[in-house]
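1. Starting from these lines, generate the structure:
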Amino acid sequence: MNSEWFQRVGSSVPRGFSRYFILEVLKEKSCTGKEIIDYAIEQSNGIWNPSPGLIYPLLGRLLDEGLIEESKERRYELTLKGSETAQDIDQVNEIVKKQLDVLFRLGNLGKFVAMDILEKISHLGSLLGSNISYMTDEETSKYKTFLENELKKIKDQESQRKKREIKIE
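-> Numbering: from 1, shown residues only. Take a look at the predicted model:
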């Protein structure tokens with residue numbers, strides 16, 4: 001995690017972020033709930049101080065979904081399903097990052113488009129995050145394919161725009 005992100009967004013942590021934060025932390029090592037809270041505070045330079053009332057119910061949901069497991073020492077770690085989910089999230093994040101880099105290079109117009117995309121992705125991520133435990137593997141696969149196709153469309157549009165700009169110059 002990067003504390004610069006927390007500095008940019010201030011105290012407004014997007015809905016659904018905590019869930020993904022926990023998965024990211026547990027990718028690195030097993031942790032107690034307290035260690036997850038402490039790590040969030042450390043990474044955000046004190047800007048984000050998630051309460052036990054947020055973290056422990058999320059840990060319970062992740063346990064119910066089979067994404068994490070709890071050891072006898074009360075440490076949480078990713079299951080195979082949790083690791084695969086975290087990898088899927090990383091792949092989508094990488095695609096989005098690349099697209100945003102292109103948009104930000106376009107100047108102000110790119111920034112407006114990027115902010116619109118981020119808002120839509122955040123909304124979609126919130127919907128998926130709250131419903132993913134109820135989705136079948138087929139439904140999850142369809143959503144993943146949809147997101148990848150939409151990001152490919154954006155990439156193709158940016159590529160065409162660059163070609164037009166080169167012709168103009």
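
2. Next, the buried residues of stretch 45-62.
-> Residues of stretch 45-62 classed as buried: 47-48, 50, 55, 58-59, 62 (neighbour count, 16 or more other CB atoms under 10 Å). C-beta here means a position set from N, CA and C on the backbone, and glycine is covered the same way.

3. typo on my end, it should be stretch 84-92
-> 85-86, 89, 92.

4. repeat for stretch 138-149
-> residue 147.

5. From the buried residues of stretch 45-62, pick the one nearest residue 146.
-> residue 62 (24.0 Å; CB to CB).

6. Just give me the neighbour total for the nearest residue to that closest one once chain neighbours are set aside.
-> Take residue 62 and drop its neighbours on the chain: the residue closest to it by CB to CB, 6 or more residues apart in numbering is residue 68, 4.5 Å away. Burial of residue 68 is recorded as 23 neighbouring residues (other CB atoms under 10 Å).

7. which one among the buried residues of stretch 84-92 gets closest to residue 160?
-> Nearest member of the buried residues of stretch 84-92 to residue 160, counting by CB to CB, is residue 92, at 23.1 Å.

8. Nearest spatial neighbour of that closest one, chain-adjacent residues omitted?
-> residue 147 (6.1 Å).
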